[in-house]
Structures are given as C-alpha cells and as structure tokens.
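Asker: Sequence unavailable; structure follows:
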Ligand SMILES: [Cu+2]
C-alpha cells in the first residue's frame, strides 16, 4: 500500500522531471581502482508508519580504506534522494532559471538531476548520484571508489538535514567497523532511533491538537525533525459542529501540502505533461465554505494557513494533492456530534510539548515566497509554452577530475526564496 502510493506518485511526477532530464544518459563508469572492499550505505528509510520517512544516510558515518568502494543504495523505492559531494564548493541550486524564458521560469538543474560519470573520488571535484528514485534512467545505486585518505562530507540535495560522512584511511589501516555486517548494524541503530523519534513526534503533535468543543479549530499539517518527517494532518479525523471553522497550518519548515476536498471527484495530477504545476492543485478554489462542494487550499507553503467553514452536516474526506493517498483526513460535521471536550480550547502549534529533538520551529522564520511568487500558478515555475521543459544544451557529465561547473547565481532574493520553496517542493514529491 505504502509502496504503491509512493510509486504511483513518483510515476506521476516522473513525466515532468523526466522531460527536464530527458537528455540524461546514465553512463556506466569504468571502475578504475582495484576495490579492496565494497561497502553499502542505505539512502533513506521508512519509519514505523507509511506516512513516516527517515531522511538519513544509513549509517551517517562510515570509515573505509583507500581503494575501497562504497555503494550508496536508494532504500525507499519512489522516495527520491541524491548523494552529492561538492568538495567544499557551493551547493548547486536544485532549480535554475529556464534560459531565455521570462523571469520566474525554473527548471530542474541538470547538474543535480544527472549522475556524474566519474566513479572515483579523491576529495576534490563534484560527484553526484543524480536524483535517484525520481528521474528516469538515473540508477538507484551510486558507486564511488575512494582513492585518497581524508574526511568527506556529502548530502542529499532534496532534504535539508540529510548529511553523511565518509572517512577514508590508508590502505591496510584498521577500521572502527571492520565489515558490512557491522555497518548494517549501525544503520539499523540509526533507523531504530529515527523511528522512535518520529513516532514520539507524531504522538506529541497529535496531543497538541486535541479535540474540543470550539467553533474555531486549529489543525496542524506535517511535523518534521532532523531525522525525517511525519506526513499527516493533526488531527487526521475529527468532529466539528455545523457552522464551525477549521484553520489548518502547514508546520513543515520545508514541505508543501494542500487541503483538498474532492467531493467525489478525481484527484488532479500535480504536474501537467508540460512540466507546470497543475493550477487545479496549485491555486486555491471553491471558496471558504464546505458543504459537499469541491474546495482546494492551493499549495500551502511552509507556515501557510487555510480556513474553511463547514455549513452542512455530513462526512467530509479530504486529501493532500501533493502526497496523495498517503496524506488524508476526514471531518465529520454534525449539530451535536462533537465529543466532550478534552482540553477545550484549540491549542497553538506545539513548541514546548515535544521532546527537544531539534524540530525547526514553524511558522516564524520560514522563508515565504515573494508576493505573487511561487508555487501558486500561474506564477509557478512556468515553462515556455512548448509543451516540454526545454533541455539545457548539454548535460554536464563531468569529465574526470573536473570541478563543479559554475552554477547560475540566484539573481535576487525573490529567486532565492523561490528556489528554497521549490527545493522543499521537489523533496516532498515522490512520497
Ligand atoms: Cu501533503
């Protein structure tokens, strides 16, 4: 079920991003070094529930010998990640302006989307898996042979907190963890800790949004830590009275969501074949009253809120048009259906209630989009009306030993804000 929805979702998106990366030809590298040993790192993992994702490199730290090879293996089909080494250079932007298009038109940066060709790494240059699990033809295993001693950090382009480190020591030197079984055990420990953290987080968030008898309700969307995210409405099921108003707040620091009442209709595609965000998803519609009619919040950026008044008794299922079946809720509306109050008043988004696990605090400080900005269509990264995302002239499969090619600098804070939002946007895709 979980796999199905993730894969289905990834498939929907593949169309658009696939076009952007159409000219990417994965090039099998020529293993050069005689691999002394081959190691495996898992990229990403499932949490305890289908809506819980661990965005981690597993294990986060690994020590190998010079000449050893590491396979970075995507661990969640349909949940995209990158493995990216920049050797101290600036992180490339995930989205870049479309050459020749009006300002605001953005495309996936091929430097990020495509894998690099060179399969060896000596601590210099740019090495990147490409967007595994989303872009067609990008292999879901990224292989690097480490040819020089040193301490090398890497990260995922799609997830803010997903970092790892490979420490390379001289050939023959003793390793802290001597075999793959030990490495797997370390990964399992980190997975277990992550699962515990997310489950605790989900429980805390649920408690922060209790049921109560109030005409004015505050609901939360999503909760994150540095280990992963819980993609849920808080509460997911609830009862309110006729005439009550519910206000949702997107508490994620970097992911987008919607609150979409389909009223029996079909979930619209998120991305249109031409690569644009579907305005039917991205833009608000249907007004602010719910009585069995279709309504849509439009894309809710981090910190954004959306309110609906329920004017008629009934049962109203809703869904996030970004995350699909993985992210749903139900509101039951009735004149006397509200259960006895818990803590009566609606509670503000949690700040002190949760364990101190480094949750970024929404909603203040969250970069909001420039006025009239992204990702609400039609201001969304709109592409030229050619029906496809224009491919950049050439996909930089970087020659061995090369350094990161210059990336177009964001030319304004507005563009930077858009890029940040889109990074979260793409990171949230494929679930
Ligand atoms: Cu969602």
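Answerer: Nice, I can see it. Remember, predicted model here, so these are calculated numbers, not experimental data.
Asker: From now on I want contacts and neighbour counts done on CA atoms only, so please keep to that.
Answerer: Will do.
Asker: Quick check: the residue of the stretch 51-200 of the chain nearest the ion.
Answerer: Closest to the ion within the stretch 51-200 of the chain is residue 51: 9.7 Å, counting by CA to the ion.
Asker: Let me know the pLDDT of that residue.
Answerer: Residue 51 is assigned 88 on the pLDDT scale.
Asker: Surely residue 205 is in a helix?
Answerer: Yes. Assignment of residue 205 by DSSP: H, G, I helix; E, B strand; the rest coil places it within a helix.
Asker: pretty sure residue 307 is touching residue 247, no?
Answerer: Yes. Between residue 307 and residue 247 there is a contact at 4.2 Å, judged by CA atoms under 8 Å.
Asker: quick one: which of those two has more around it?
Answerer: Remark: of residue 307 and residue 247, residue 307 carries more neighbours, 19 against 14, as counted by other CA atoms under 10 Å.
Asker: show me what contacts that one?
Answerer: For residue 307, the contact set (CA atoms under 8 Å, 6 or more residues apart in numbering) comprises 245, 246, 247, 248, 288.
Asker: Which of the residues you listed fall within strands?
Answerer: 245, 246, 247, 248 (DSSP state E).
Asker: how close does the residue lying closest to residue 238 once chain neighbours are set aside get to the ion?
Answerer: The shortest distance from residue 238 to any non-neighbouring residue, by CA to CA, 6 or more residues apart in numbering, is to residue 331 (5.1 Å). With distances taken as CA to the ion, to the nearest Å, residue 331 is found 16 Å from the ion.
Asker: Residues contacting the helix or strand harbouring residue 331, please?
Answerer: Under the criterion of DSSP states H and E, residue 331 resides in strand 324-333. Under the contact criterion CA under 8 Å, 6+ apart, strand 324-333 has outside partners 2, 5-6, 9, 50-51, 231-233, 235-242, 267, 310, 312-320, 431.
Asker: Listing partners with orientation, what would you give for it?
Answerer: Paired neighbours of strand 324-333 in the sheet (DSSP bridges): strand 237-240 (parallel), strand 314-320 (antiparallel).
Asker: per-stretch mean pLDDT over the ones you listed, give me the minimum one.
Answerer: Among the strands paired with strand 324-333, strand 237-240 has the lowest mean pLDDT, at a mean of 90.
Asker: That one: which residues count as buried?
Answerer: If you call a residue buried by 16 or more other CA atoms under 10 Å, then strand 237-240 has these buried ones: 238, 239, 240.
Asker: what's the burial count for the residue nearest to residue 238?
Answerer: The number of residues packed around residue 331, counting by other CA under 10 Å, is 19.
Asker: Next: residue 105.
Answerer: Using other CA under 10 Å, the number of residues around residue 105 comes to 21.
Asker: What pLDDT does the model give it?
Answerer: As summarised for this prediction, residue 105 has a pLDDT of 70.
Asker: can you check the one 3 residues further on too?
Answerer: Model confidence at residue 108, expressed as pLDDT, equals 80.
Asker: Need the phi and psi values for it.
Answerer: Backbone geometry at residue 108, expressed as degrees, to the nearest 10, gives phi -60, psi 130.
Asker: Would you list the phi and psi of the closest residue to it other than its chain neighbours?
Answerer: Spatial nearest neighbour of residue 108, chain neighbours left out: residue 95 (4.5 Å); criterion: CA to CA, 6+ apart. Residue 95 adopts backbone torsions of phi -120, psi 140, taken as degrees, to the nearest 10.
Asker: same thing with residue 229?
Answerer: Dihedral angles (degrees, to the nearest 10) for residue 229: phi -140, psi 150.
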